[in-house]
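> Sequence plus predicted model, see below.
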Amino acid sequence: MLTPGNVSDMKAAPALLERAGPMRYLLGDKGYDADRLRRMVREAGATPVIPGRRNRKRTIRYDEQRYQSRHLIEKAFCRLKDFRRVHTRYDKLAANFLSTVALATAVAFWI
C-alpha cells in the first residue's frame, strides 16, 4: 500500500491491519503509539509491541526484548534505500514506483 509522503503512518494502519491476516505480535515504533491502534490490534487477536511516546501521561508497557528484533525491518528499508531510484522516488505514478520497489527488493535480497 502506497501513501503520499506527507501522510501520517497512522492513517494507513487500519487498512494494513485488515490486509495483514492473522498475527501474534505487531511491532511498531513510537509513530504508531495510539490507543485506537492498540485496541484494533488486540481485537485482531495480536499483542502490540509499540513503545509509548515520551509525553504520554500513562506509561506503556511493552516487550522490550521482542521490540529489539524490529531492527530487521529497519535494515530491510535501509537496504532498499540504497537504490537511488527508490530513495528519491523518481517515478510519478504509484504503479511504476511499486514496480521499482519490487525489482529493487528482488535484487537486494536475492544477491
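Done, it's in.

> neighbours around Asn96, how many?
Using other C-beta atoms under 10 Å, Asn96 has 12 other residues around it. Using the backbone N, CA and C atoms, a C-beta is placed for each residue, glycine as well.

> Who are the packing partners of the strand or helix carrying it?
Per DSSP states H and E: Asn96 is located in helix 94-110. On a contact count with 3 or more C-beta pairs under 8 Å, 6 or more residues apart in numbering; DSSP states H and E, helix 94-110 meets helix 71-80, helix 84-88.

> in the host helix or strand of Arg19, what counts as buried?
Counting by DSSP H and E, the element that carries Arg19 is helix 9-20. Buried residues in helix 9-20, defined by neighbour count with 16 or more other C-beta atoms under 10 Å: 13, 17.

> list the helices and strands that helix packs on?
Using 3+ C-beta pairs under 8 Å, 6+ apart: helix 9-20 touches helix 35-43.

> Go ahead and name everything in contact with stretch 25-40.
8-10, 13-14, 17, 41, 46-53, 56, 60, 63, 66-67, 69-70, 73 (C-beta atoms under 8 Å, 6 or more residues apart in numbering).

> Give me the buried subset of the residues you listed.
13, 17, 41, 46-51, 67.

> Now do the contacts for Leu2.
Leu2 touches 94, 97-98, counting by C-beta under 8 Å, 6+ apart.

> Which of those are buried? Put it as a PyMOL command.
Applying 16+ other C-beta under 10 Å to the contacts of Leu2 leaves a buried subset, and the PyMOL line that selects it is:
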select buried, resi 97
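
> Tell me the one of the contacts of Leu2 nearest Pro22?
Nearest to Pro22 among the contacts of Leu2 is Leu98, at 24.6 Å by C-beta to C-beta.

> tell me the pLDDT at that closest one?
With respect to pLDDT, Leu98 has a value of 91.

> do you know how far it is from Arg89?
11 Å (C-beta to C-beta, to the nearest Å).

> if we can go back for a sec, from the contacts of Leu2, pick the one nearest Asp82.
Among these, and counting by C-beta to C-beta, the member closest to Asp82 is Phe97, at 16.2 Å.
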